[in-house]
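Visitor: Structure, please.
(2 chains, ligands or ions: 2)
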Number of protein chains: 2
Amino acid sequence: MTVMGAGESAKYSCARLNDICEVVLDLDEKYNIERKKFGVVTPTDINYFKSVLSEDRVLTDESEVMPFNIDWIKNCRGQSQVVLKPKTVEEVSQILTHCNAKKLAVCPQGGNTGLVGGSVPVFDEIVLSLALMNKIISLDEISGSLVCEAGCILENLEQHAKEHNLIMPLDLGAKGTCHIGGVNNFEDILKLYRSAKLSLGEILSAFEMADAAAIDACVSSLKLTNPISSYPFYVLIETHGSNETHDSEKLGGFLEQEMASGLILDGTVSSDPNKIHAMWTLRESISTAVLLDGYVFKYDVSLPLKDYYKLVPKLKQRLGPTARRVCGYGHIGDGNIHINVSIPAYDKRTLEMLEPFIYEEVAKLDGSISAEHGIGFRKPHYIHYSKDATSLQLMKDIKQLMDPNGILNPYKVLPD
Amino acid sequence: MTVMGAGESAKYSCARLNDICEVVLDLDEKYNIERKKFGVVTPTDINYFKSVLSEDRVLTDESEVMPFNIDWIKNCRGQSQVVLKPKTVEEVSQILTHCNAKKLAVCPQGGNTGLVGGSVPVFDEIVLSLALMNKIISLDEISGSLVCEAGCILENLEQHAKEHNLIMPLDLGAKGTCHIGGVNNFEDILKLYRSAKLSLGEILSAFEMADAAAIDACVSSLKLTNPISSYPFYVLIETHGSNETHDSEKLGGFLEQEMASGLILDGTVSSDPNKIHAMWTLRESISTAVLLDGYVFKYDVSLPLKDYYKLVPKLKQRLGPTARRVCGYGHIGDGNIHINVSIPAYDKRTLEMLEPFIYEEVAKLDGSISAEHGIGFRKPHYIHYSKDATSLQLMKDIKQLMDPNGILNPYKVLPD
Ligand SMILES: Cc1cc2nc3c(=O)[nH]c(=O)nc-3n(C[C@H](O)[C@H](O)[C@H](O)COP(=O)(O)OP(=O)(O)OC[C@H]3O[C@@H](n4cnc5c(N)ncnc54)[C@H](O)[C@@H]3O)c2cc1C
Ligand SMILES: Cc1cc2nc3c(=O)[nH]c(=O)nc-3n(C[C@H](O)[C@H](O)[C@H](O)COP(=O)(O)OP(=O)(O)OC[C@H]3O[C@@H](n4cnc5c(N)ncnc54)[C@H](O)[C@@H]3O)c2cc1C
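Guide: Ligands and ions are numbered 1, 2, ... in the order given. Predicted coordinates:
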């Protein structure tokens, strides 16, 4: 998994700004919500911020502020006019004390790669960018624990860890071996997963699946190469152990066994870092590739494994020819599936066919409406499918306790 | 690691009740605290509880209630006169609604094996025993996730998991291989730990250490056998992988290398379940063995690895001949060290030499005053060495929000 950090995503947004503006709709237009009664930033506030930070860390120029208003999947656009870039905890504290006193709303932003609209302002909230809080505080080589500031980019942490002979457990390591294979139906994938856990045990570091429609997006839109022939389902299995000979023995034995049993129909395996990179690129490009279909409704839900793939065919049937593509891919290991539905251009009727239907179905199957991407701006209205009223009230009370004026990232996570 | 559950510990307390009563001091006597203004249980309350639960699940007989008043290390004794044993969430809810309305304080109790006095009442709090809430709700064989009620005993869960070819990651598994070895000084242990992480990687499942005084307690008081000769420090290394041949190859290679390098001076290795059991028994008996010295002050702190063992010699020096034994043992992997100080009989002056001294030292070394045992009744007065005033206030506010009358386990965790 590669998660982009601040620098990258900001650059990307800048470069594509003209394309973006056609696709992105303002949030209030799309969702019909009202600005709450927060203060409005005045020149006095700006001067105060400039006195706390240096002048160049208070952005007010429209073109400079713009990338911070738009999220990574170009799904949400806010209207902030100020971005603050503190470097220290003390600066953050002074900014927040001031904002709280003046009831100015604030939207904290890390790498702005979140996928649920949580990281961009909705109206004119001040963006508090953590991008410059990127210091690595310590790395204890014996225990392997790293302490860093909130704005660090994963790739930099990875590099730093590598210099000390360590890896970040959030990403692909150097000694990994990767296999990509076709299988025929979803039941076989579950059987394969069980078998992989038994045979590969502690060295199994990833078990990812994607359906044909997802892989097809990469091949046809991004011109990536699918290393094997066409199948209804694909799995990417990665192992990551401390002894290469042992690992390839384990993986080899497992693949042999499952090719013989018929669970794996075709496959390619590699421990060459370039080839591994290519396999992961295929898997990781799905999300971007589907964006090129036009407009994409992206869902990230978790479901019990036995029902993991059930919603994809159900949605395909429900939408019929309206949808350009309905595809599913995700991490079998933790029950998280990403369901993407693409149409040529944003259309409210499709949205209404999808929501709340999909969340109702998830609740029926005892799943969670948000797997790993959070609730953000996009899901507060659906959180009740996963959390009961008592829990929600408690969450609100705790939020109220810590943020009595509600200035921190309003309109997100908790429904009104 | 074996954690005892409700049944076992209750039985143990009953059997040894006469011995115990001489050792255990009442909390209020030892700590000089005052009962808060809660309600007092009346016959009407008892009748209500009997109407919610069946009669046999409301214990009021002194001898029946007694074991629930005394904690596992015989360090704290409460004065409760009622134990309630609900079987369902609905029963718990009815009990707590009643107690909240009548401002009756409640102390929830699981297996009563906690080590910081959190699980026993201080005054006359009602004990809410979870012992009968011991149903396994589900086990998903594909994902390996188990859902159970709060009163389940680890050993039973383990048995259940085993029947489905799974293990509880909290305990020793069937395929493990275990090594116990002597090394000369603490620096060598850290070197050995780094080397073990590199060579054994993902199959390293435990790296435990104990000093000579700790092992000596097991040998001299419990007559257990130390499988190797005498050394200042011992380590127990356990591996746990999916392929026995690979595992023993890795462990063999590692041991050979480190015997040659001189980091390991002597050792025994085994994959025979009985021998492994014996090695773990030695490690796990330390806590009990030290109890036989008389009275034991037990500390569970975490420290940065480079300073992991520093406090033991410091305390030994500070106490001089006052202490019968000062020993240290624990889990190197997570920086947790258990420091035990034994004296012939409880004595307030020794306590005053130890506390707050030990917590001040832990704070100086940037450690945590509670590693894995929690704060409970024994550490609220020292929590400020690890948490600042703002965090503590926030914790109190959250507690107040959820438990406005403060009836749930009063006198614990948060200082007044
Ligand atoms: C290509 C791609 C692949 C991804 N793959 C995965 C995946 O495999 N698994 C997965 O879990 N996720 C995945 N994600 C989503 C992932 O969760 C986010 O990309 C990432 O974790 C967000 O980090 P960020 O710094 O960009 O946060 P942002 O997007 O900037 O912010 C996310 C939220 O956190 C808040 N926030 C940020 N920093 C702070 C702070 N310091 N204090 C308080 N609040 C803060 C923001 O206000 C916002 O609500 C993927 C995203 C992309 C673009
Ligand atoms: C021999 C031995 C070895 C140990 N080894 C370890 C170890 O290696 N690592 C480690 O972390 N710990 C260890 N411990 C301590 C361990 O944390 C506890 O033994 C165990 O986790 C406590 O479980 P219990 O059910 O006995 O809880 P109890 O002792 O009954 O309760 C502990 C606390 O939780 C509260 N509580 C219990 N159930 C509930 C509930 N359902 N809802 C709300 N509150 C509740 C109680 O009021 C109390 O404050 C060891 C203890 C022993 C005796």
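Visitor: From here on, just use CA atoms for contacts and neighbour counts.
Guide: Will do.
Visitor: which residues of the stretch 101-250 of chain A fall in helices?
Guide: Along the stretch 101-250 of chain A, counting by DSSP state H, counting those that start in this stretch, helices occupy A:154-163, A:186-200, A:212-222, A:244-261.
Visitor: Only C-alpha atoms, please: export the last one in PDB.
Guide: These are the backbone C-alpha positions of helix A:244-261, laid out as PDB (Å, rounded to 0.1, in the frame of the first residue of the first chain):
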ATOM      1  CA  GLU A 244      14.200 -15.600   1.600                       C
ATOM      2  CA  THR A 245      14.900 -19.300   1.100                       C
ATOM      3  CA  HIS A 246      12.200 -20.300   3.600                       C
ATOM      4  CA  ASP A 247       9.700 -17.800   2.200                       C
ATOM      5  CA  SER A 248      10.000 -19.000  -1.300                       C
ATOM      6  CA  GLU A 249       9.900 -22.600  -0.200                       C
ATOM      7  CA  LYS A 250       6.600 -21.900   1.700                       C
ATOM      8  CA  LEU A 251       5.100 -19.900  -1.200                       C
ATOM      9  CA  GLY A 252       6.200 -22.400  -3.800                       C
ATOM     10  CA  GLY A 253       4.700 -25.300  -1.900                       C
ATOM     11  CA  PHE A 254       1.500 -23.400  -1.400                       C
ATOM     12  CA  LEU A 255       1.100 -22.400  -5.100                       C
ATOM     13  CA  GLU A 256       1.900 -25.900  -6.300                       C
ATOM     14  CA  GLN A 257      -0.700 -27.400  -4.000                       C
ATOM     15  CA  GLU A 258      -3.400 -24.900  -5.000                       C
ATOM     16  CA  MET A 259      -2.700 -25.100  -8.800                       C
ATOM     17  CA  ALA A 260      -3.100 -28.800  -8.400                       C
ATOM     18  CA  SER A 261      -6.300 -28.400  -6.300                       C
END
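Visitor: how about the helices of the stretch 101-250 of chain A in JSON lines, adding mean neighbour count?
Guide: Formatted as JSON lines, the helices of the stretch 101-250 of chain A follow (neighbours: other C-alpha atoms under 10 Å in any protein chain shown):
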{"stretch": "helix A:154-163", "mean neighbour count": "16"}
{"stretch": "helix A:186-200", "mean neighbour count": "18"}
{"stretch": "helix A:212-222", "mean neighbour count": "20"}
{"stretch": "helix A:244-261", "mean neighbour count": "16"}
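Visitor: Minimum distance to ligand 1: which of the ones you listed has it?
Guide: Ligand 1 sits nearest to helix A:154-163 of all the helices of the stretch 101-250 of chain A, at 9.0 Å, using C-alpha to the nearest ligand atom.
Visitor: Any part of the closest one near chain B?
Guide: No. Applying C-alpha under 8 Å from any C-alpha of the partner chain, one finds helix A:154-163 separated from chain B by no less than 13.6 Å.
Visitor: Figure out how far that helix is from the centre of its chain.
Guide: Relative to its chain's centre, helix A:154-163 lies at 20 Å (C-alpha atoms, centre = their mean, to the nearest Å).
Visitor: what about that helix and ligand 1, touching?
Guide: No. Using C-alpha under 6 Å from any ligand atom, helix A:154-163 never reaches ligand 1; the gap is at least 9.0 Å.
Visitor: Same check on stretch A:333-352?
Guide: No. Judged by C-alpha under 6 Å from any ligand atom, stretch A:333-352 makes no contact with ligand 1; its nearest approach is 9.2 Å.
Visitor: For that stretch, buried residues please.
Guide: Residues A:333-343, A:346, A:350 are the ones in stretch A:333-352 that count as buried (16 or more other C-alpha atoms under 10 Å in any protein chain shown).
Visitor: coming back round to it: now the helices of the stretch 101-250 of chain A in a markdown table, with mean pLDDT and distance to residue B:261?
Guide: Output for the helices of the stretch 101-250 of chain A, formatted as a markdown table (pLDDT from 0 to 100; distance: least, C-alpha to C-alpha, whole Å):
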| stretch | mean pLDDT | distance to residue B:261 |
| --- | --- | --- |
| helix A:154-163 | 90 | 25 |
| helix A:186-200 | 89 | 32 |
| helix A:212-222 | 94 | 51 |
| helix A:244-261 | 88 | 24 |
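Visitor: Out of those, which is closest to ligand 2?
Guide: Here helix A:186-200 is closest among the helices of the stretch 101-250 of chain A (C-alpha to the nearest ligand atom), at 26.3 Å.
Visitor: what is the orientation angle of that closest one with helix A:244-261?
Guide: Interaxial angle of helix A:186-200 relative to helix A:244-261 (axes from the mean of the first three to the mean of the last three C-alpha atoms, to 10 degrees): 150 degrees.
Visitor: Please save the CA atoms from helix A:186-200 in PDB.
Guide: Presented in PDB, the C-alpha positions along helix A:186-200 are these (Å, rounded to 0.1, in the frame of the first residue of the first chain):
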ATOM      1  CA  PHE A 186     -15.600 -15.900  -5.000                       C
ATOM      2  CA  GLU A 187     -16.000 -19.000  -3.000                       C
ATOM      3  CA  ASP A 188     -12.700 -20.200  -4.300                       C
ATOM      4  CA  ILE A 189     -11.100 -17.000  -3.100                       C
ATOM      5  CA  LEU A 190     -12.200 -17.700   0.400                       C
ATOM      6  CA  LYS A 191     -11.000 -21.200   0.200                       C
ATOM      7  CA  LEU A 192      -7.700 -20.000  -1.000                       C
ATOM      8  CA  TYR A 193      -7.500 -17.400   1.800                       C
ATOM      9  CA  ARG A 194      -8.000 -20.100   4.400                       C
ATOM     10  CA  SER A 195      -5.400 -22.300   2.800                       C
ATOM     11  CA  ALA A 196      -2.900 -19.400   2.500                       C
ATOM     12  CA  LYS A 197      -3.300 -18.600   6.200                       C
ATOM     13  CA  LEU A 198      -2.500 -22.200   7.000                       C
ATOM     14  CA  SER A 199       0.400 -22.700   4.700                       C
ATOM     15  CA  LEU A 200       2.000 -19.200   4.800                       C
END
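Visitor: I am finished for the moment; much appreciated.
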